[in-house]
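# Sequence and predicted model, in that order:
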Amino acid sequence: QLQLVESGGGLVQPGAGLTLSCVASGFDVSSYTIGWFRQVPGKEREGVAYIWRTGHSPYYTGYSDSVKGRFTISRDDAKNTASLQMNSLKPEDTGLYYCAAGRSPTLGASAYQVWGQGTQVTVSS
């Protein structure tokens, strides 16, 4: 069974940092693009960051404009895990954060086939 499990969410104050983790099981993530998404009630799921590579090339990353320079995505294929380090958090970063695995390097949610259940991040004073 293909599965992704996120962890690390919580309640933090504006300006704080948080690191989310994603653990995959049932498949080898090394051939997949890993993406992080977030969603708030009433809005569409928003792509935040992705990381991918082809063969033995270096990893390539992409970020949404809203998080560029504050968030960093990484992965450890040997451990079948991925992370999203979030710095300088803002109230508008609040949402349910998902990790996902897909075949294309994109922030578009429709390109991802395997999804986790999400971890809640709340940024509030």
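The structure has been received and is ready for your questions. Numbering: from 1, shown residues only.

# List the contacts of the residue nearest the centre of the chain.
Compute the mean C-alpha point of the chain, and by C-alpha atoms, centre = their mean the closest residue is Trp36, 2.1 Å away. For Trp36, the contacting residues are 20, 22, 47-50, 71, 73, 82, 84, 97-100, by C-beta atoms under 8 Å, 6 or more residues apart in numbering. Every C-beta, even on glycine, is put in place using the N, C-alpha and C of the backbone.

# Looking at neighbours, which among those is most surrounded?
Cys99 (32 neighbours; other C-beta atoms under 10 Å).

# For beta bridges, what are the partners of that residue?
Beta-bridge partners of Cys99, counted by DSSP bridges, are Trp36.

# Going along the chain, name the strands of the protein.
3-7, 10-12, 18-25, 33-39, 46-52, 60-63, 71-76, 81-86, 95-102, 112-115, 119-123 (DSSP state E).

# any chance of these in TSV, with mean pLDDT too?
Below are the strands of the chain laid out as TSV (pLDDT from 0 to 100):
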stretch	mean pLDDT
strand 3-7	97
strand 10-12	98
strand 18-25	97
strand 33-39	97
strand 46-52	97
strand 60-63	97
strand 71-76	97
strand 81-86	98
strand 95-102	98
strand 112-115	96
strand 119-123	98
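
# Can you say which of those strands is packed in most?
strand 33-39 (a mean of 24; mean count of other C-beta atoms under 10 Å).

# and the angle from it to strand 71-76?
Compare the direction of strand 33-39 with that of strand 71-76 by axes from the mean of the first three to the mean of the last three C-alpha atoms, to 10 degrees and you get 140 degrees.

# picking up where we left off before, which of the contacts of Trp36 lies closest to Val123?
Tyr97 (11.6 Å; C-beta to C-beta).

# contacting residues around the nearest residue to that closest one once chain neighbours are set aside?
Residue nearest to Tyr97 in three dimensions, not counting chain neighbours: Arg38, with 4.9 Å by C-beta to C-beta, 6 or more residues apart in numbering. Neighbouring residues of Arg38 by C-beta under 8 Å, 6+ apart: Arg45, Glu46, Val48, Asp93, Gly95, Leu96, Tyr97, Tyr98, Val121.
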